[in-house]
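Q: Here you go, sequence then predicted model.
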Amino acid sequence: MFAHEFDFELPEELIAQTPLPERTASRLLALDRETGRIDHGTFTDLKRYLMPGDTLVLNDTRVLPARLHGIKPETGARVELLLLKQLEGDRWETLAKPAKRMRPGTELVFGEDENGAPLLRAVVLEAGESGLRTVEFRYDGIFQELLDRLGEMPLPPYIRERLDDRERYQTVYARREGSAAAPTAGLHFTPAFLDELRAAGVRTAFLTLHVGLGTFRPMTAERVEDHVMHAEYYEIGAETAALLNETRERGGRIVAVGTTSARTLETAAARFGPGKIEACSGWTDIFIYPGYKFLMVDALLTNFHLPKSTLVMLVSAFAGRDKIMEAYREAIERKYRFFSFGDAMFIYSNGKR
């Protein structure tokens, strides 16, 4: 299987640069993965496709202001770090730019206090592939407060507009800080709409996957099977595990909100088998592409993804490549908004699988 099989032409004007003023105002393309039927509506039409007893599984990770701009003090050269994951203490795995200038031992500084002294320092400890750098931060005070002051929201490179409200790149239920990118399928929900779904008998469960390089790293291998995912940290609590098991026992559908939730659920299912899952945590590098048999996810809410990305491969595994490519063709024809701040897609079947 080759990456180019998941390529498609996307007009640049369809890449959403800013979020809509109202979260639930996005459009919704609904795809029946059994029949291939496509329906068009608005996001609140999601309630037409959900049934009492279904459980929405939401990723409650919160995005860090993880992009830091600084300089190399010995040369004054500008540098950028994107924090990917905390390793231990003040050591972090980061994505560095320009990575060639950041060899082990390189010192970096960020921000200045009232006396012109750096607010935050970092020393490069290790150099990895594809711009990865392990750094150790040194500072006075509280790291999170410095990050809130100095950091920027790590918007994807295809978004060039300024984001004035940081909270629009967070889900309304985000609570556990640690992500380098938002689980964007959840950006469409408001507290009121979630309450409306709950009142209709749809239950909600929360898990955590801190989005890192694995989710948004571009494909470099031409053969899909040769791509290696970067590990990301996940947690499923006892309450969520119990609710998922109960949903399965009662014949309800498990609806993953976003590919991050889907990957976490499938990781847990692979760990415990297709029966009952348990509370768990760990690191996942699961790579889902066509040929994969889903064990836990019955329906999937997602956004529209980049050509040749691991995410478009995941949705192709869930619905079939041909159905996804046809749905994307129709979405482009109807001028849906794509990617992080774009419109939503619901992939479902009336039965479980």
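A: Yep, that arrived.
Q: And the residue of the chain most remote from its centre, how far from K72?
A: In the chain, N115 marks the outermost C-alpha relative to the chain mean, sitting 39.3 Å out by CA atoms, centre = their mean. Using CB to CB, to the nearest Å, N115 is found at 20 Å from K72. (Glycine included, C-beta is placed from N, CA and C.)
Q: ditto for A96
A: 11 Å.
Q: swap in A66?
A: Counting by CB to CB, the gap from A66 to K72 is 20 Å.
Q: ok, these two, which is more surrounded?
A: Neighbours per residue, other CB atoms under 10 Å: of A66 and K72, the larger number sits with A66, 24 against 15.
Q: pLDDT score for the more buried one?
A: Listed pLDDT for A66 reads 92.
Q: returning to that earlier point: so what sits against both of A96 and K72?
A: Taking CB atoms under 8 Å, 6 or more residues apart in numbering as the contact rule, A96 and K72 both touch V79.
Q: for the stretch 201-350 of the chain, what spans make up the helices?
A: 213-216, 238-249, 259-272, 310-319, 321-333 (DSSP state H, counting those that start in this stretch).
Q: Test of understanding: give the bridge partners of L108.
A: Beta bridges link L108 to A122, judged by DSSP bridges.
Q: residue ranges with poor pLDDT in the protein?
A: Applying pLDDT under 70 to the chain flags the ranges 213-217, 351-353.
Q: domain ranges for it?
A: Annotated domains of the chain cover 3-63+165-348, 67-150 [automatic domain parsing].
Q: Now tabulate the ones you listed in JSON lines and tack on distance to Y158.
A: Converted to JSON lines, these look like this (distance: least, CB to CB, whole Å):
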{"stretch": "domain 3-63+165-348", "distance to Y158": "5"}
{"stretch": "domain 67-150", "distance to Y158": "15"}
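Q: Of all these, which one is nearest P157?
A: domain 3-63+165-348 (9.6 Å; CB to CB).
Q: For that closest one, what is the spacing between the initial and final residues?
A: 25 Å (CA to CA, to the nearest Å).
Q: Tell me how far that domain lies from the chain's centre.
A: 8 Å (CA atoms, centre = their mean, to the nearest Å).
Q: cool, stretch 76-93 as well?
A: That offset, for stretch 76-93, works out to 20 Å (CA atoms, centre = their mean).
Q: Can you tell me what sits against it?
A: 64, 66-72, 94-98, 101-102, 108, 122, 125, 128, 132-139, 143, 147, 151, 154, 178, 180, 210, 212-213, 230, 232-233.
Q: Using ChimeraX, define a selection of the buried residues within the residues you listed.
A: A single ChimeraX command selects the buried members of these (16 or more other CB atoms under 10 Å):
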select :64,66,67,68,70,94,95,96,97,102,108,122,132,133,134,135,137,139,147,151,154,178,180,210,212,213,230,232,233
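Q: Sitting in strands, which of the contacts of stretch 76-93 do you find?
A: 67-71, 94-97, 108, 122, 125, 132-139, 178, 232-233 (DSSP state E).
Q: give me the number of residues near E129?
A: 7.
Q: ditto for Y49
A: 20.
Q: May I ask you to confirm that it is in contact with A30?
A: Yes. Using CB atoms under 8 Å, Y49 makes contact with A30 at a distance of 5.9 Å.
Q: which neighbours do these two share?
A: Common neighbours of Y49 and A30 (CB under 8 Å, 6+ apart) are 346, 348.
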